[in-house]
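A.B. asks: give the three-dimensional model of this entry:
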Amino acid sequence: MEHFSKTSIDMFNPLTDQEFLEIKDLFHHQKLKRGDYVFREGDKVSHVYFISSGLVKLFYSDEEAKECILSFAFENWWETDFSAFYHQVPAVSNLQCIEDSEIYSLHYEDYRMLIERYPHVSGYFLDKSVKGHIANQRRILSLLTLSPKKKYEQFLQLYPALVQRIPKSLLSLYLGVSRETLSRLYKSGNQ
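C.D. replies: Below is the predicted model of the structure:
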């Protein structure tokens with residue numbers, strides 16, 4: 001597997017060399033181009049994805065085909081339609097590459113086996129889940145209570161490197177502000 005080592009994914013750090021050898025082949029490497037879909041709404045989601053390089057967006061399209069961006073994931077993040085993955089049902093969202101990306105996928109059955117066989121891996125995924133839940137709560141609160149300027153400032157504070165990587169049209173959808181408002185905020189922040 002290209003560039004795949006014990007340090008590729010931080011969950012491997014506590015594993016012994018032998019444990020790593022036992023599980024490394026459970027991860028499948030993919031190179032995707034900008035615009036490629038990892039999965040689409042309606043697909044069965046049998047994998048969770050580790051973003052090794054690049055940037056992806058998880059989004060839902062409403063009845064009018066308006067895109068609602070749920071999250072962005074970049075290097076060293078895990079992403080999938082978690083409800084579809086855990087319940088093994090069709091996806092209600094889409095996962096698409098914003099940049100050329102390299103990802104490692106882990107099948108649901110292999111994921112279950114890993115967390116049962118290696119307790120520290122279970123703890124790793126629990127920690128990632130809790131951190132993701134906290135981030136989602138913070139985002140919901142910001143959407144409900146913050147002004148467009150405060151939403152943008154919060155995003156800038158939390159993810160400064162992403163502002164240059166995410167097209168403004170996508171960032172405005174994520175923040176729930178108009179493209180024009182975001183452009184004004186971006187200009188005022190760069191003065």
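
A.B. asks: what residues does the closest residue to Phe125 other than its chain neighbours make contact with?
C.D. replies: Once flanking residues are discounted, Phe125 sits nearest to Ile115: 6.2 Å by CB to CB, 6 or more residues apart in numbering. C-beta here means a position set from N, CA and C on the backbone, and glycine is covered the same way. Counting by CB atoms under 8 Å, 6 or more residues apart in numbering, Ile115 touches Val121, Ser122, Phe125.

A.B. asks: same deal with Leu114?
C.D. replies: Applying CB under 8 Å, 6+ apart, the residues near Leu114 are Ile23, Leu26, Leu106, Val121.

A.B. asks: ok, the nearest residue to Phe27 once chain neighbours are set aside - how many residues close by?
C.D. replies: Nearest in space to Phe27, with sequence neighbours left out and distances taken as CB to CB, 6+ apart, is Tyr104 at 4.3 Å. Neighbourhood size, Tyr104 [other CB atoms under 10 Å]: 22.

A.B. asks: settle this for me: Tyr104 is touching Phe50, isn't it.
C.D. replies: Yes. When contacts are counted by CB atoms under 8 Å, Tyr104 is listed as touching Phe50 (4.5 Å).

A.B. asks: common neighbours of these two, please.
C.D. replies: Common neighbours of Tyr104 and Phe50 (CB under 8 Å, 6+ apart) are Ile9, Phe27.

A.B. asks: torsion angles phi and psi at the residue nearest the centre of the chain?
C.D. replies: Closest residue to the average C-alpha location of the chain: Ala73 at 3.0 Å, with CA atoms, centre = their mean. With angles defined as degrees, to the nearest 10, Ala73 sits at phi -140, psi 140.
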